[in-house]
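[1] only geometry, no sequence info:
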């Protein structure tokens, strides 16, 4: 019986017996090991024979050095796995030595992530030697591993390695002196496309070193410098380099105080730079008051932020803009929303943690009524309230571009939920709607159910952490009997009653399209029945259904395209795919 066998055994069995036609999509194996060396050995042994699994994630399982050795031995035999994620596993120096030895002998692994593992110098030397001969690894993640004091070994690797394209070194206490040696080699290294130096100890002096590299480097596409110690003078030098750079597409300066001069320098750079597509300016202290000098310097009428926004949206041709957690004020927001009415390049916009309230929501709604490009809008913690929700809901009746709307924790309550539900009955563009943590009760749940009964474009709805129970859940269950497009429905933390679970289970006898229905509690009784019927839907659609689910799943792992599915769902899927009595 399934209950008599451990999760570890189930996972190993799935890996060992997967038909090549059934799991051809990347498969995540995550948080199922439970710190058991025997379980890791079993998985590793199964991987030696497996020819379909491409993605393996064993993060946060404390597999230690012994587990890393088992996995390394498996990869010496397996040539199918392309991505290996071992974050936060206490693999230590000995575990990395085993992985480095594997990299010397094999040339199939493309991505390796060892974030949050404490590693000593001996291991970095071994990695250096391995990467000087390895010709397959393209992405290496070493965040919070102690690489800062050992960066010279990695620099030596970059001098001869022409395969590595992505290097993630955040949270490593990298100082200006260490940055100096890194940027020197990057001035002439042509392979690195993405460099992540977030949350280190880089000051303005280090920023100047990076700026000198940007002036001559013509291959780097993404640079992350958030959360360092870069002051205004460093920002200004980076901006000057950005003006000259012709290849950088994404720059993150989040949590960097731009102040007046830095804001002006960035705006000037964007006026001449036509390559940058993504700019992260979260928590950068951008304010209308602090930017007033920019308007004067540019001889442009109006408040400064309007000038900055015009540059961001019209000159830079950005596709992704993150202005979350900045004290823009209502005036600043007004300039942003005015520019959005005419902009046709921004596709992803984050205004999270801005105090929009009703008036800010009204301004944004007016912009959305005219904007034809924004596809993904994040409005977490914006204090919209019921009235602000009404304004945004009205915009959905005329906007035909927005595909994803995230409204986490805005206290829209039943009134706001009813407004959105009414709009969703006629909106044919939105694919994902998140209204989690919004104090929505049964009245709002009933309204959302009415929308689901007629909407045929939504594929994912998140109503978790609300107060929907009783009639609200029963109506939602009735709605999904009629709905044939919804793939994912999240109802966690709603205190669903026994009758509610029964109604959902009964609905899944009719619904053949839902691939994920997330509820609370252990997989027993109606809860288990719900999970098994969802898994049956997955079986009906086979790989195509899994691909759809992975494509829209909101909880993807960093740097991966694979979703993190609960282990009981994996078990149910395994039972249905392989007809095994696990």
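    Thanks, I have it. What you are looking at is a predicted structure, and each value in this text was computed from that prediction instead of being measured.
[2] buried stuff in stretch 489-507?
    In terms of neighbour count (16 or more other Cβ atoms under 10 Å), stretch 489-507 has its buried residues at 489-491, 493-494, 496, 500-507. Backbone N, C-alpha and C define where each C-beta goes, glycine included.
[3] Also stretch 87-97?
    Buried, per 16+ other Cβ under 10 Å, within stretch 87-97: 87-93, 95-97.
[4] So which of those residues sit within strands?
    Judged by DSSP state E, strands contain none of the buried residues of stretch 87-97.
[5] and the buried residues of stretch 489-507, which two are the farthest apart?
    Across the buried residues of stretch 489-507, no pair lies farther apart than 493 and 506, at 22.2 Å, counting by Cβ to Cβ.
[6] Now, the buried residues of stretch 489-507 that are in helices?
    Of these, the ones assigned to helices by DSSP state H are 500-507.
[7] what would those residues look like in a markdown table with pLDDT?
    Conversion of those to a markdown table gives the following (pLDDT from 0 to 100):
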| residue | pLDDT |
| --- | --- |
| 500 | 91 |
| 501 | 90 |
| 502 | 90 |
| 503 | 93 |
| 504 | 92 |
| 505 | 90 |
| 506 | 92 |
| 507 | 93 |
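[8] nearest to residue 57, of the residues you listed?
    In terms of Cβ to Cβ, no member of those lies closer to residue 57 than residue 504, at 29.4 Å.
[9] Next, the contact list for that closest one, please.
    For residue 504, the contacting residues are 473, 476-477, 480, 491, 496, 517, 519, 526, 530, by Cβ atoms under 8 Å, 6 or more residues apart in numbering.
[10] Please flag which of the residues you listed sit within helices.
    Using DSSP H, the contacts of residue 504 in helices are 473, 476-477, 480, 526, 530.
[11] Just the buried ones from those residues?
    473, 476-477, 480, 526, 530.
[12] Among the residues you listed, which has the minimum pLDDT value?
    Among these, residue 526 carries the weakest pLDDT, at 74.
[13] Please report the distance of that one from residue 122.
    In this view, residue 526 and residue 122 are 54 Å apart by Cβ to Cβ, to the nearest Å.
[14] and if you look at residue 407?
    Taking Cβ to Cβ as the measure, residue 407 and residue 122 are separated by 50 Å.
[15] got it, and residue 77?
    Relative to residue 122, residue 77 is positioned 26 Å away (Cβ to Cβ).
[16] cool, and residue 347?
    46 Å.
[17] Looking only at neighbour counts, state which of these two leads.
    Legend: neighbour count by other Cβ atoms under 10 Å for residue 347 and residue 122, higher for residue 347 (17 against 14).
[18] mind listing what the more buried one touches?
    319-320, 373-376 are the contacts of residue 347 under Cβ under 8 Å, 6+ apart.
[19] one more time with 10 Å, if that's ok
    277-278, 318-321, 373-376, 401, 403 (Cβ atoms under 10 Å, 6 or more residues apart in numbering).
[20] now residue 355
    Shown in contact with residue 355 (Cβ under 10 Å, 6+ apart): 327-330, 333, 381-383.
[21] do residue 341 as well
    366-372.
[22] Would you mind measuring from it to residue 279?
    20 Å.
[23] Present the ones in helices among the contacts of residue 504 as a markdown table; the columns should include distance to residue 181.
    Formatted as a markdown table, the ones in helices among the contacts of residue 504 follow (distance: Cβ to Cβ, whole Å):
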| residue | distance to residue 181 |
| --- | --- |
| 473 | 59 |
| 476 | 58 |
| 477 | 61 |
| 480 | 58 |
| 526 | 60 |
| 530 | 56 |
